[in-house]
Each structure stands twice: as C-alpha cells, then as structure tokens.
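Peer 1: sequence plus predicted model, see below.
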Amino acid sequence: MRSFFLTLFLLVALAVLALGGAGLWWVHQPLKLPTPSVDLSVEPGTTPRGIAQAVADAGADVQPQLLHWWFRISGQDRQMRAGSYELERGVTPKLLLNILVRGEEATRSVVLVEGWNIRQVRAALAKAEQLKPESAGMTEDALMAALGKPGLHPEGRFFPDTYTYSKGSTDIALLQRAMRAMDKKLEAAWAARAADLPLKSADEVLILASIVEKETGKANDRAEIAAVFTNRLRVGMPLQTDPTVIYGMGAAFDGNLRKRDLQTDTPWNTYTRGGLPPTPIAMPGKAALLAAVQPAQSKSLYFVSRGDGTSQFSSSLDDHNRAVNRYQRGGSSSPQPKATQ
C-alpha cells in the first residue's frame, strides 16, 4: 500500500511539473495576431477576466480562460491598468502582462511648430493619427469656450512643442495641454522681464514675442530684433513689420506683399497703426518669449535682411537706407524709408 501511494505521489508530482513546465513555456510564446498590430482598449473598472476576454476580442488567438489563469497566478492581476494599447506581433503573455501592469499605452505624437498660426495648428491636429477631432467644425470662439477661455483670441495661445498622446485622445485635450504650457512659459517670461520694458502686461509680451518669432531668420539676431521693436515702442514709432500686415490680410495674401497692402488698414497693419497689434500673429517659442522680455541693449531702430538669414541693424534712418540699398537693391535706386525690410 505504501508503494502504491508513493507511486501515485510521484505521478502527481510529475504531472504538476509537466503542467508547470508547459505553462512556463506558454507564457513565453508569441500570441498569434491577425495583423501586424491590434488595438486593445481596457476601460476603467474592467476585471482581469474581462481584460483577458478583451485581448481575445481584439483578435489575438488565445483562450481567455488560459490568459486569465496566467493573470491570476502571476499575482499581478489587480495591478493591470485601463488604457488604449497597441499589441504587436511577437507579444507574449508575459510581455502582455508587463505592458498592462506598467500602463504602456499606445502613443502617437504631433509637432506644433514655432511661428505657426492657429489655422496651421488646427490643420495639423486634423491630420494627426488616432486623435479624435472634437473641435472639427467649431468656430474659434467655440473652440476657446470649449477650452475654458471664452472670449480669448486663440492666436499664439498654444506652446509650440512635440506632444505625445494616447490613441483615442481628443484634440481638445491636447490643446488644453499646449495652452497650459504656454501659460506657464509666459508667466515665467513675465517674471523675468527687464525693469525698463515698455510692455504693460504678459499679453503684450506674447504679442511682441510672436512678431519676433516671425521676423527672426537666425537665432543670434533674435534679441536684437526684439530691441528694435521695444526701442520703437519707447519713442512712439510705428513698428512697421511686414508679418503683421500679412497676418491681417488673412487668406487674401497670395505670397507677394505689395505697396498697396502696406497702405491698406487692418487692425494688424503696423504701418497704418501705432503700437502693438491687438493679438499675437503666431505661436512664439521659448526663445522668442525670452527675447521679448530681455531684448538686447541696443539703440537700433531698423533692420534689413542681408539675404542669408541674418539681419543688418541700424540706429539711424540714413544708415538703414544705405543698408537697404546694399542688401535689397544691389546698390541701385533709392530705398523707401521703412523700418524693417
């Protein structure tokens, strides 16, 4: 009898070891997927059994009961997180559990570029992969109301950066992040402003920074360009900057700025109106914000492009006209006495 029970014990032990070995082998085997990748959505509150079923429903060739068994014996079945995941070929039950426990959601990214206007921002978000277009069809006023800033003009209010997001996120959520980022950057810039800055508020910093962003060809010139505009504001000279005119023209701008455009009044035409325009004209980056609050110590009132991305700065109109004649007119004809060209 003792021999019988010993044999039975050994058989059971061998069976357990065999099952354990098979289980250990299985958790390291890739799950069969119908496509190179499948999307897995785990809603908040989903049970481990429900997650196992969701994996099978997503297209993985696996027995949900077996997967649930693995989740349980791992001791991590209650640590799995809700989210949107992307399972790629080669994923094993062990790797799948790690992904779910760490919450490694599938992400995408979109780049918002310095100098873009709100139309370009919205166009980029509309094309962003797996980003829900909640703002599609909204007016700019409705968009800002949805973002919790009713009555605020959207131009320049979003910080240019690379934003990652989970598949299924909304463009409204991403814009909220970009808006909070700009608020923080602007607050920091305003706190670091020079003592004699001729700007009355952080909003004026944002407006000036947007102009500096659009006028800067080379980074080394940014603080000097900001100095030109702050010097002009100090003495009451019009800013006379082409990007503001172009912005005010909107869709009417065909890529060629003409003399009549400079003479056609709009709220953003800094040739026909003094001071800053009523809103930013683009998204400024961190460097432009810093230049706006800490411009170079300079007496320059004019600058002109040298044609290589850099600018020639002048403190007098005569010097500026000579620079325009040299860099823009090849030394012939009489230049027009404009502030920036």
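Peer 2: Structure received. Since we're looking at a predicted model, the values are computed, not measured.

Peer 1: what are the boundaries of the strands in the stretch 1-150 of the chain?
Peer 2: 37-42, 83-88, 107-111 (DSSP state E, counting those that start in this stretch).

Peer 1: I'd like those strands as JSON lines, with mean pLDDT and mean neighbour count appended.
Peer 2: Where you see a C-beta, it was placed from the backbone N, CA and C, and this is true even at glycine. Formatted as JSON lines, those follow (pLDDT from 0 to 100; neighbours: other C-beta atoms under 10 Å):
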{"stretch": "strand 37-42", "mean pLDDT": "90", "mean neighbour count": "18"}
{"stretch": "strand 83-88", "mean pLDDT": "89", "mean neighbour count": "19"}
{"stretch": "strand 107-111", "mean pLDDT": "93", "mean neighbour count": "14"}
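
Peer 1: would you convert the ones you listed into a markdown table that also reports distance to D203?
Peer 2: Listed next are the strands of the stretch 1-150 of the chain as a markdown table, based on distance: least, C-beta to C-beta, whole Å:
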| stretch | distance to D203 |
| --- | --- |
| strand 37-42 | 41 |
| strand 83-88 | 37 |
| strand 107-111 | 26 |
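
Peer 1: and of those, who's closest to R258?
Peer 2: With C-beta to C-beta, the closest approach to R258 among the strands of the stretch 1-150 of the chain belongs to strand 107-111: 32.7 Å.

Peer 1: now do the closest one against strand 83-88, angle only.
Peer 2: 100 degrees (axes from the mean of the first three to the mean of the last three C-alpha atoms, to 10 degrees).

Peer 1: give the pairing partners of strand 107-111; include direction for each.
Peer 2: Sheet pairing of strand 107-111 (DSSP bridges) gives strand 162-166 (antiparallel).

Peer 1: gap between the strand it pairs with and the chain center?
Peer 2: 8 Å (C-alpha atoms, centre = their mean, to the nearest Å).

Peer 1: quick one: buried residues of it?
Peer 2: 163, 165-166 (16 or more other C-beta atoms under 10 Å).

Peer 1: try stretch 74-94
Peer 2: 74, 77, 80-81, 83-87, 91, 93.

Peer 1: using CSV, write out every CA atom in that stretch.
Peer 2: What follows is stretch 74-94, C-alpha atoms only, in CSV (Å, rounded to 0.1, in the frame of the first residue of the first chain):
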residue,chain,number,x,y,z
SER,A,74,1.2,36.0,-11.6
GLY,A,75,-0.1,37.8,-8.6
GLN,A,76,-0.4,41.0,-10.6
ASP,A,77,-3.9,40.6,-11.9
ARG,A,78,-5.2,43.5,-9.8
GLN,A,79,-2.3,45.8,-10.9
MET,A,80,-3.3,46.0,-14.6
ARG,A,81,-4.3,49.4,-15.8
ALA,A,82,-7.0,50.8,-18.0
GLY,A,83,-5.9,52.4,-21.3
SER,A,84,-5.5,52.2,-25.0
TYR,A,85,-2.8,49.7,-26.0
GLU,A,86,-1.3,48.5,-29.3
LEU,A,87,-0.2,44.8,-29.3
GLU,A,88,2.4,44.0,-31.9
ARG,A,89,3.4,40.7,-33.4
GLY,A,90,5.8,38.9,-31.1
VAL,A,91,4.0,39.9,-27.9
THR,A,92,3.9,37.0,-25.4
PRO,A,93,1.5,36.5,-22.4
LYS,A,94,4.4,37.5,-20.1
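
Peer 1: show me the contact partners of it.
Peer 2: 26-31, 33, 36-46, 48, 51, 55, 58, 60, 62, 67, 70-71, 96-97, 99-106, 166-168 (C-beta atoms under 8 Å, 6 or more residues apart in numbering).

Peer 1: pLDDT weak spots in the stretch 1-150 of the chain?
Peer 2: 1-23 (pLDDT under 70).

Peer 1: mind listing the helices in it by residue range?
Peer 2: Ranges of helices in the stretch 1-150 of the chain, per DSSP state H, counting those that start in this stretch, are 2-27, 48-57, 64-74, 93-102, 118-127, 140-146.

Peer 1: tell me the angle the fourth one makes with helix 64-74.
Peer 2: The reference is to helix 93-102. 70 degrees.

Peer 1: buried stuff in helix 93-102?
Peer 2: Buried-residue list, helix 93-102, by 16+ other C-beta under 10 Å: 93, 95-97, 99-101.

Peer 1: mind listing what L186 touches?
Peer 2: So L186 contacts 202, 205-206, 289 (C-beta under 8 Å, 6+ apart).
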